[in-house]
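J.: Need coordinates for the below:
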Amino acid sequence: MPDDRAEHILDPAPVKAAEHAGLNGSVNGKPDFDPAAARLIQAEQAIRLRAVPTRIAGGRLHVAMLDATDFAAADELSVVTGLPVTAHAFGEQPFKELLREAYGITAAEMAARLAGPGGSASDDGIANLESVEAEALHRMAEQPTLINLVNLLILEAIRGRASDIHIEPFEKRLNVKYRVDGVLVEQPSPPKHLQPAITSRIKIMAGMNIAERYVPQDGHITLRFEGRKVDIRVSTVPTIYGESVVMRLLDKESVSLDLESLGMRAQDCREMDRLIALPHGMVLVTGPTGSGKTTTLYAALSRLYDPTKKIITIEDPVEYELSGVNQIPVNPKRGLTFATGLRSILRQDPDIIMVGEVRDAETAEISVRSALTGHLIFSTLHTNDAASAVGRLLDMGVEPFLLASVLEGVLAQRLGRRICVSCRRNEPISDAVRHRLSPAELSMFPGGQCVRGAGCDRCDRTGFRGRIGYYEIMRVTPEMRAAIGRRVPSHELLRTASADHVTMRRDGLMKAAEGLTTVEEVLRATQDAGESGG
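T.: Numbers count the residues shown, from 1 in each chain. Presented below is the predicted three-dimensional model:
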């Protein structure tokens, strides 16, 4: 994506405290919050400085701050308000609550206001979306209240740890859903008649063509939220009731690029360390879309970063910026595909190359030959399990003897929800789940007990908070190389795996036995991985 787009400052407080009826809540249990003091600075300043004025007393401005030792922020507040400042340290959660109380309302409340007295548009009042001119869309999208509504939709998604925002148009509704921990959660619907304005506002932010409503488009938004950078990938597709919008939130600071934090067991971490330390060869990560493949590769690259090595990636798109790594975004419109980019990368004298995805025969062939000529290649494939990656590459036309020579290991993975640590408790395994487990698997749970989340405020009553990976690492043994050369089918390939090979299902059940995830999550996530219980 071009880097010359303006960076958006996400204002989580579009409606000021003066618009609240009776805003006089307490702060940390102390009834000393004065909305008038908060109004001395703008919401954007409060977010940037991580400070909220709470009251004026004794000629001094008392300010709640995340970092009470941030003297530069205190000095700026003093200059802006003309008052000496007394800083009070606040914890992260109390500060966020105070920030919302002082400056913001929820997206649902704002949408209700914009809907007017009727609450929502009637059947007769729903606009004919096709008849709206581009100039009118611009005017609607630039209305301050509409801008604030879109900002709030994004803000609440980030605060709610969402990975995606889905805006889905239907005949009489405009559905908004956040994907949290891999599961879509429906949000209050904005008024249907605001659909063209909301869609247009998002497209303007993403640098897309708002006049074009009948072909898919992709865009990119960069914004600042609470002092950190958040990238958003935007995709629109036309449907019979307007454009469907999906925004992928890429918040690097909320993602740990560390294999242990992602849920990889110590044994698997050691095996990954062995693979990434190889001087040359090919290492693949497989799984469906959204299974965390790219994050795992980023974690591996972060782990092996060495200033004495040249590391280049080609990605679609670049999701997170890695320090010390040369990252290339593909641009098919200008002729930069994975295959053409990979050819150019080889002329850059790299030691380690990451190819975002092997999608076609040309990319597969160049990747394999690059591994043959002394490069360490990392890439991803969309397959259900580790063994299927071999068959997929052979189907793309890679010669079996070449693949057998360069392939060093395949990591297959899925993501499941992690049990909330605040409300976990032991429960008996249900009969419905028990019937799906083999005797060997049941023996992993002493007394037939498993761990589940009861649901609490911290996890929004779901019993889950965060996600954890289920992994299967297939190390290529000499016997397996010979089998690949003979084009042995995928289902027979695992017979040549090492004796300590652990399937993805078993890896997940081991984590369920440790109380990190639930048995149901493991069975749901690994049911298409071609594994049998036992």
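J.: mind listing the helices for the stretch 201-350 of the chain?
T.: Remark: helices assigned in the stretch 201-350 of the chain by DSSP state H, counting those that start in this stretch are 266-276, 293-304, 338-346.
J.: Any idea what P169 is bridged to?
T.: Counting by DSSP bridges, P169 forms beta bridges with L174.
J.: can you pull the contacts of it?
T.: Neighbour list for P169: 175, 195, 239, 241-244 [criterion: CB atoms under 8 Å, 6 or more residues apart in numbering]. Where C-beta positions appear, they are placed from N, C-alpha and C, glycine not excepted.
J.: where does the stretch 51-200 of the chain dip in pLDDT?
T.: 104-137, 140-141 (pLDDT under 70).
J.: what about 80?
T.: Along the stretch 51-200 of the chain, the model assigns pLDDT under 80 to residues 92-93, 96, 99-100, 103-145, 148.
J.: Please enumerate the strands of it.
T.: With strands called from DSSP state E, counting those that start in this stretch, the stretch 51-200 of the chain shows them at 51-57, 60-65, 85-89, 162-169, 174-180, 183-187.
J.: Please pick the buried ones from the contacts of P169.
T.: 175, 195, 241-244 (16 or more other CB atoms under 10 Å).
J.: So which of these is the closest to L523?
T.: Closest approach between the buried ones among the contacts of P169 and L523, by CB to CB: N175, at 28.7 Å.
J.: show me what contacts that closest one?
T.: N175 neighbours (CB under 8 Å, 6+ apart): 166-169, 186, 189.
J.: what are the phi and psi angles of R481?
T.: phi -60, psi -40 (degrees, to the nearest 10).
J.: can you list the weak-confidence ranges in the stretch 251-400 of the chain?
T.: Applying pLDDT under 80 to the stretch 251-400 of the chain flags the ranges 251-256.
J.: try it again with 70
T.: In the stretch 251-400 of the chain (pLDDT under 70), the answer is 253-254.
J.: Spell out the residue ranges of the strands in it.
T.: Applying DSSP E, counting those that start in this stretch to the stretch 251-400 of the chain gives strands spanning 281-286, 311-315, 326-329, 352-355, 376-381.
J.: Out of these, flag the one nearest S405.
T.: Nearest to S405 among the strands of the stretch 251-400 of the chain is strand 281-286 (8.8 Å), distances taken as CB to CB.
J.: Can you give the contact residues for that closest one?
T.: With CB under 8 Å, 6+ apart, strand 281-286 has contacts from 275-276, 293, 296-297, 300, 358, 367-368, 371, 376-386, 388-389, 406-413.
J.: out of the helices of the stretch 201-350 of the chain, which comes closest to I353?
T.: When the helices of the stretch 201-350 of the chain are compared by CB to CB, helix 338-346 sits nearest I353, at 5.8 Å.
J.: Not counting its neighbours along the chain, what's nearest the residue nearest to the spatial centre of the chain?
T.: With distances taken as CA atoms, centre = their mean, the residue of the chain nearest its centroid is S163 (3.9 Å). Leaving aside its sequence neighbours, S163 sits nearest to R179 (CB to CB, 6 or more residues apart in numbering; 5.1 Å).
J.: residues contacting that neighbour?
T.: If you count contacts by CB under 8 Å, 6+ apart, R179 has them with 162-166, 185.
J.: who's it bridged to?
T.: Under the criterion used here (DSSP bridges), R179 is bridged to D164, L184.
J.: Roughly how far does it sit from A157?
T.: 9 Å (CB to CB, to the nearest Å).
J.: Overlap in contacts, the two.
T.: With CB under 8 Å, 6+ apart, R179 and A157 have common neighbours I165.
J.: Please compute how far stretch 175-190 lies from its chain's middle.
T.: Centroid displacement of stretch 175-190 relative to its chain, using CA atoms, centre = their mean, to the nearest Å, is 14 Å.
J.: actually stretch 436-450, not the one I wrote
T.: That offset, for stretch 436-450, works out to 33 Å (CA atoms, centre = their mean).
J.: So for that stretch, what gets flagged as buried?
T.: 437, 441, 445, 450.
J.: thought the first one was touching A513?
T.: No. Taking CB atoms under 8 Å as the definition, L437 is not a contact partner of A513, at 11.2 Å.
J.: mind listing what S78 touches?
T.: By CB under 8 Å, 6+ apart, the contact list for S78 reads 61, 84-85.
J.: L99: neighbour count?
T.: Close neighbours of L99, defined as other CB atoms under 10 Å, add up to 23.
J.: For the closest residue to it other than its chain neighbours, name its beta-bridge partners.
T.: Nearest residue to L99 in three dimensions, chain neighbours excluded: V52, at 5.7 Å (CB to CB, 6+ apart). Listed beta-bridge partners, V52: A64 (assigned using DSSP bridges).
J.: Understood, closing this out.
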